[in-house]
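Peer 1: curious how this folds, go ahead:
(chains A, B, C and D)
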There are 2 protein chains.
Amino acid sequence: MAAEHYDSPDAETLANVVETGLHEGAIVTLQAECEVEYDGRTSGYLGPGDRLLVCKPDGTLLVHQPDGHKPVNWMPAGGTVSARESDGDLVVVARRVNPRERVEVRLIDAYGVTRYDADDAAEYEESGTEDEMHAYIEAHPDELEDGLRIVEHERETKYGFIDFFATDADGNPVVIEVKRIQATLNHFDQLKRYVSLYEDNDEVRGMLVAPSASERVRRALRDSGLEFVELAEFDRDATGTTDAKLSDF
Amino acid sequence: MAAEHYDSPDAETLANVVETGLHEGAIVTLQAECEVEYDGRTSGYLGPGDRLLVCKPDGTLLVHQPDGHKPVNWMPAGGTVSARESDGDLVVVARRVNPRERVEVRLIDAYGVTRYDADDAAEYEESGTEDEMHAYIEAHPDELEDGLRIVEHERETKYGFIDFFATDADGNPVVIEVKRIQATLNHFDQLKRYVSLYEDNDEVRGMLVAPSASERVRRALRDSGLEFVELAEFDRDATGTTDAKLSDF
DNA sequence: AGTTATATATCGACG
DNA sequence: CGTCGATGTATAACT
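Peer 2: From the prediction side, this is the model:
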């Protein structure tokens, strides 16, 4: 059996399942009333309540309340998760060094614990990312503007990487920043920063490529002499980078 | 009992526990071999493997692999999670409308399922956030520069919100952007955008306040005539906004 | 519902 | 190990 469950475990069982399970590469989940302390980049306290704890062998710890996508407290992978008894209660502690931080969960009442020896070699295959949008633009620069020619992809400058450095039909340089999602003011900022590298050249153009942009962003671009180009849909298959086996649904 | 566990559940039991549990406000966790499809903002496929599923009554669905902080697939709160039989397998589907997206998990082999009627009224109390840093600066502007006077907090402009609008000892205006973490190029961008609103006024200063900044960011600031002010530690208690009951540890 | 900015963001790539 | 930029970012605040 890949999963072993214990109902209403005592502190000793809990400590054993957590410590041994994690050491042997299993995921350990607990249902328990608990209180939580965090100290690190900020600090905080969560009073007693029923939560779901997930401990992974890579040092990940998640504390989930009944609502919401994000764990209320957590530790990312890379640290250590351990369990010890303290005053008859079990205390689960997750730590890491960089940055130095700690999550401490004191279990008041454990309803259940499950050791799960999960075997998973699969990797997630994703399609429609910004990388694919780049590949599509590189293959179809005309979609942005007639006569546009890509000169360089990911050009490094002292202010960061420019998505595309191109030339237009008249041979003038064009700095291009590409976003997969609706353009924001920060994206405008980013483009402006890159264009500012060439401010001694009046001929240089700046182009923000995205599926959409708010009126405020469009105005900011206009005010700075920059351009917005809408690119909503791009043929994901045409890039040749997709190989996910998606069944039809 | 707050938690009910079923070992090696059949598809009917699974469907019942998921549907009934979620409907009645419980968290449902599953250990199962499964494959996952996502379609929405992007699309993707995850081949068969052992994962932990977490379903919450608010429509949250999490699919966790054995490693890593982030779920490999998920649905945020606000949608619906449902379970149905298909070809003898159980299929868990999470959907939402805005944006329109769907996660579909086909269970190949379920090792265990737990219904958890969690009761949690506590709220997380946090200290050391950027809000508190703002409160500290508002109470102690001298920490940034002698004679500095805060004129306005969160000033709205056509290009977004300015953290602080202030005047220096000489009465010149100062635009201040505050970051709780090390300053990045994006933060520099943001400050520069706000300062650009006053570019007709040569006297206006721009100040980026953060615990640290990379050399690249400092150079970018210098090149644009903007200033960096280091504010690493601020007395969290002095702001009067903390009321978390942190036990000493 | 749309926009803006924050986050204990996390994560990956690159130097 | 630091820095930088993407993320199906999620989330809160405000319009």
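
Peer 1: all contacts plus neighbour counts: C-alpha atoms, from now on.
Peer 2: Will do.

Peer 1: tell me where the model's unsure across chain A.
Peer 2: Counting by pLDDT under 70, chain A contains low-confidence residues at A:235-249.

Peer 1: now for A:Glu156: which residues touch it?
Peer 2: A:Ile162 (Cα atoms under 8 Å, 6 or more residues apart in numbering or on different chains).

Peer 1: looks to me like it is in a strand.
Peer 2: Yes. Under DSSP: H, G, I helix; E, B strand; the rest coil, A:Glu156 falls within a strand.

Peer 1: how close does it get to A:Arg193?
Peer 2: Distance from A:Glu156 to A:Arg193, counting by Cα to Cα, to the nearest Å: 13 Å.

Peer 1: go on, A:Ala83?
Peer 2: 49 Å.

Peer 1: give me the angle between the lengthiest strand in chain A and strand B:101-116.
Peer 2: Among the segments of chain A that qualify as a strand by DSSP state E, the longest is strand A:101-116. Here strand A:101-116 runs at an angle of 80 degrees relative to strand B:101-116 (axes from the mean of the first three to the mean of the last three Cα atoms, to 10 degrees).

Peer 1: mind checking if stretch A:48-55 is in reach of DNA strand C?
Peer 2: No. Using Cα under 7 Å from any atom of the strand, stretch A:48-55 never reaches DNA strand C; the gap is at least 12.4 Å.

Peer 1: can I get that stretch as PDB, trimmed to CA atoms?
Peer 2: Provided in PDB are the C-alpha atoms of stretch A:48-55 (Å, rounded to 0.1, in the frame of the first residue of the first chain):
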ATOM      1  CA  PRO A  48      -5.700  27.500  17.400                       C
ATOM      2  CA  GLY A  49      -7.900  26.000  14.700                       C
ATOM      3  CA  ASP A  50      -8.300  22.900  12.400                       C
ATOM      4  CA  ARG A  51      -5.900  22.800   9.500                       C
ATOM      5  CA  LEU A  52      -4.400  20.400   7.000                       C
ATOM      6  CA  LEU A  53      -0.600  20.000   7.200                       C
ATOM      7  CA  VAL A  54       1.400  18.700   4.300                       C
ATOM      8  CA  CYS A  55       5.100  17.700   4.800                       C
END
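
Peer 1: got the buried residues for it?
Peer 2: Neighbour counts over stretch A:48-55 (16 or more other Cα atoms under 10 Å in any protein chain shown) mark A:48-55 as buried.

Peer 1: can you tell me how far A:Val36 is from A:Pro48?
Peer 2: According to Cα to Cα, A:Val36 stands 8 Å off from A:Pro48.

Peer 1: take the buried residues of stretch A:48-55 and write them to a markdown table, including secondary structure.
Peer 2: Shown next, in a markdown table, are those (three-state DSSP):
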| residue | secondary structure |
| --- | --- |
| A:Pro48 | strand |
| A:Gly49 | strand |
| A:Asp50 | strand |
| A:Arg51 | strand |
| A:Leu52 | strand |
| A:Leu53 | strand |
| A:Val54 | strand |
| A:Cys55 | strand |
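
Peer 1: just those residues that are near chain B?
Peer 2: A:48-51 (Cα under 8 Å from any Cα of the partner chain).

Peer 1: all helices of chain A, in order?
Peer 2: With DSSP state H as the criterion, chain A has helices at A:11-23, A:130-139, A:185-195, A:215-223.

Peer 1: which one of those helices is the most hemmed in?
Peer 2: helix A:185-195 (a mean of 21; mean count of other Cα atoms under 10 Å in any protein chain shown).

Peer 1: report all helices and strands that that helix contacts.
Peer 2: Counting contacts by 3 or more Cα pairs under 8 Å, 6 or more residues apart in numbering or on different chains; DSSP states H and E, helix A:185-195 packs against strand A:173-178, strand A:205-210, helix A:215-223, helix B:185-196.

Peer 1: can I get the buried residues of stretch A:48-55 in CSV including distance to B:Val92?
Peer 2: Formatted as CSV, the buried residues of stretch A:48-55 follow (distance: Cα to Cα, whole Å):
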residue, distance to B:Val92
A:Pro48, 31
A:Gly49, 28
A:Asp50, 25
A:Arg51, 22
A:Leu52, 20
A:Leu53, 22
A:Val54, 20
A:Cys55, 23
